[in-house]
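Enquirer: My questions concern the predicted model and sequence given below.
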Amino acid sequence: MGSEGLRWLLLGLCAVLSVSGRRAPYTADWASLDARPLPAWYDDAKFGIFIHWGVFSVPSFGSEWFWWYWQGEKDPDYELFMIKNYPKGFSYAEFAPALKAEFLDANEWAEIFEASGAKYVVFTSKHHEGFTNWGSPTSWNWNSVDNGPHRDIVGELATAVRKRKSVHFGLYHSLFEWFHPLYLSDKESNFTKQDFIRNKVMPELYDLVTSYKPELIWSDGDWEAPDTYWNSTEFLAWLYNDSPVKDVIVVNDRWGQGCYCKHGGYFNCADKYTPSELPKHKWEKCNSVDTHSWGYRRNMKLSELMDLPTIIKDLVYTVALGGNYLLNIGPASDGQIPVIFQDRLLRIGEWLKVNGEAIYSTKPWRVQTENGTVPVWYTSTSSAVYATFLTNPKQFSFQLFVPNTSENTVVTLLGNPNPLKWAPLHSSGLVMLLPDLPSTPAEAWVIKLEGVA
């Protein structure tokens, strides 16, 4: 074991001993860890931005799984791409120097994220290729400080995001690495060895937390091995008890085989998870503007991108069912966020400026959706219920059948200060007169109902 690996192993062991010695509130088992309340900021935030950026952004073909599809699965499309565009014998590592990030301005990124209305950001510290976007002491020459841009991208973005007080900073981290020799050796032993964990995974996770203090860790790359191999519960016990972010940290559910939708903080369950009814546990839907990839693709087509109404519909549905919505973009290797992605984010922000009170800090209502004059999705706060509709009814009369009104009921259209005229229906519900709906590229409007049950 290298000195760096030993150092971080000892730190982890000390943390565990500290936990057991002082009867810390969370022990290294799922029963204890799963009982930890989720920090309130996460449920209030509702909307975040996911950023996939790494060496895969250089070939920018197919998806962020380029290396695996090319040299793991030997997909003919990827092999043909390499034959046509690169000399024989070209290795994946040779892409790294071209990850120059010459136009990457972390403050500009953060400004765009803030303008989008996002309340948290999750950036790839390391994807399955193993390249780290900070100077990881256990990833020699395969990191953004020693190679490529020669910059600490994680550090730059953390600083820029934290200047925006309304946006929380999080990090994605892949546990496994496709072709790391230590991981492949552990895998060959049926995960009875943990050399990769001791010398790579745990040192990096402790380094990320202590150096950059993320408020969210989006774990991934766990599915080939159980959580006992990854030492997940030991790490989380330290994270919740002794880390510098113990009071604010939020994590997902990707900590080993069998953990999805079962253990961790909030649940991802699966990429683009789309439940049909209200889940019992806090959850998150991650989706990508580019429907074919999480990383940047030079060959993406406009028809393959989510348009604004589709994004808003996905956001509204997710929040109505109690989830958070994490929307992904893939910047180019030069560090620029493609203009089409910028446009999507800024237009989301424009919609949220008018309608954000129906999203942020809301809770699911007693009924999540109904088919009134048109389909609506409900959210609520302690003082109001919000009905978001994503189809222009093209008529002035508008009915909702579920809300119970009273003489104190006030009905408004967000963005319009004038109360709407309304009348109760027979047993429940109401009919209202809509004004001319303002034109919006999002094709979504919100009715605010005060004094209803």
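Expert: On my side now, so go ahead.

Enquirer: Below-threshold pLDDT in the stretch 301-450 of the chain: ranges please.
Expert: Scanning the stretch 301-450 of the chain for pLDDT under 70 picks out no residues.

Enquirer: And the helices in it?
Expert: Using DSSP state H, counting those that start in this stretch, the helices of the stretch 301-450 of the chain run over 308-320, 339-355.

Enquirer: swap in the stretch 51-200 of the chain?
Expert: Using DSSP H, counting those that start in this stretch, helices in the stretch 51-200 of the chain cover 66-67, 76-85, 106-115, 153-162, 181-188, 195-196.

Enquirer: gap between residue 300 and residue 435?
Expert: 39 Å (C-beta to C-beta, to the nearest Å). C-beta here means a position set from N, CA and C on the backbone, and glycine is covered the same way.

Enquirer: Comparing those two, which shows the higher neighbour count?
Expert: residue 300 (18 against 11; other C-beta atoms under 10 Å).

Enquirer: Pretty sure the more buried one sits against residue 294.
Expert: No: counting by C-beta atoms under 8 Å, residue 300 does not reach residue 294; the two are 11.8 Å apart.

Enquirer: deepest of the helices of the stretch 301-450 of the chain, which one?
Expert: helix 308-320 (a mean of 22; mean count of other C-beta atoms under 10 Å).

Enquirer: Check which helices and strands that helix sits against.
Expert: strand 283-288, strand 323-329, helix 339-355, strand 375-380 (3 or more C-beta pairs under 8 Å, 6 or more residues apart in numbering; DSSP states H and E).

Enquirer: Measure how the second one sits relative to helix 308-320, angle-wise.
Expert: For strand 323-329 against helix 308-320, the angle by axes from the mean of the first three to the mean of the last three C-alpha atoms, to 10 degrees is 150 degrees.

Enquirer: that older thread, for the helices of the stretch 301-450 of the chain, which one sits closest to residue 70?
Expert: helix 339-355 (24.8 Å; C-beta to C-beta).

Enquirer: what's in contact with the closest one?
Expert: With C-beta atoms under 8 Å, 6 or more residues apart in numbering as the test, helix 339-355 has contacts from 47, 49, 112-113, 115-118, 289, 302, 305-306, 308, 311-312, 315, 327, 329-331, 359, 388, 414-415, 440-442, 444-446.

Enquirer: what's the angle from it to helix 106-115?
Expert: 40 degrees.

Enquirer: Quick check: beta-bridge partners of the residue nearest the centre of the chain?
Expert: Nearest to the geometric centre of the chain sits residue 326, at 3.9 Å (C-alpha atoms, centre = their mean). For residue 326, the beta-bridge partners are residue 48, residue 286 (DSSP bridges).

Enquirer: Would you agree it is in contact with residue 287?
Expert: Yes: proximity of residue 326 to residue 287 meets the contact threshold set by C-beta under 8 Å, at 7.5 Å.

Enquirer: Ends of stretch 411-424, what's the gap?
Expert: 12 Å (C-alpha to C-alpha, to the nearest Å).

Enquirer: So what touches that stretch?
Expert: Here stretch 411-424 has contacts from 354-355, 357-358, 386, 405, 409-410, 430-435, 437-438, 445-450, using C-beta under 8 Å, 6+ apart.

Enquirer: So which of the residues you listed belong to strands?
Expert: Residues of these located in strands (DSSP state E): 386, 410, 430-433, 445-450.

Enquirer: can you map out the strands along the stretch 1-150 of the chain?
Expert: Counting by DSSP state E, counting those that start in this stretch, the stretch 1-150 of the chain has strands at residues 47-51, 120-126.

Enquirer: Pick the most deeply packed of those strands.
Expert: The most buried one of these (mean count of other C-beta under 10 Å) is strand 120-126, showing a mean of 27.

Enquirer: and the angle for that strand with strand 323-329?
Expert: 50 degrees.

Enquirer: can you offset everything so residue one is 221?
Expert: Yes, from this point I'll number from 221; that puts the last item at strand 340-346.

Enquirer: from the middle of its chain, how far away would strand 340-346 be?
Expert: 8 Å (C-alpha atoms, centre = their mean, to the nearest Å).

Enquirer: Now do that strand and strand 503-508, the angle between them.
Expert: 70 degrees.

Enquirer: For the nearest residue to residue 491 once chain neighbours are set aside, the count of nearby residues, please.
Expert: Counting by C-beta to C-beta, 6 or more residues apart in numbering, residue 506 is the residue found nearest to residue 491 once chain neighbours are left out, at 6.3 Å. Number of residues near residue 506 (other C-beta under 10 Å) recorded here: 21.

Enquirer: What's the per-residue pLDDT of residue 506 here?
Expert: In this model, residue 506 is scored at 98, pLDDT.

Enquirer: so how far is residue 560 from residue 385?
Expert: 29 Å.

Enquirer: If you could redo that for residue 278, that was the one I meant.
Expert: For residue 278 relative to residue 560 (C-beta to C-beta), the value is 20 Å.

Enquirer: Next: residue 296.
Expert: According to C-beta to C-beta, residue 296 and residue 560 sit 29 Å apart.

Enquirer: now swap in residue 601 and tell me
Expert: Taken as C-beta to C-beta, the span from residue 601 to residue 560 is 34 Å.

Enquirer: ok, now residue 445?
Expert: With distances taken as C-beta to C-beta, residue 445 is found 38 Å from residue 560.

Enquirer: Likewise for residue 335?
Expert: Taking C-beta to C-beta, one finds residue 335 at 16 Å from residue 560.

Enquirer: cool, and residue 660?
Expert: Distance, residue 660 to residue 560, by C-beta to C-beta: 19 Å.

Enquirer: Same check on residue 440?
Expert: From residue 440 to residue 560 the distance is 26 Å (C-beta to C-beta).

Enquirer: Likewise for residue 261?
Expert: 30 Å.

Enquirer: what do you get for residue 648?
Expert: 44 Å.

Enquirer: in the sheet, who's paired with residue 620?
Expert: Beta-bridge partners of residue 620, counted by DSSP bridges, are residue 650.

Enquirer: residue contacts, it?
Expert: 590, 592-593, 596, 607, 649-650, 652, 667, 669.
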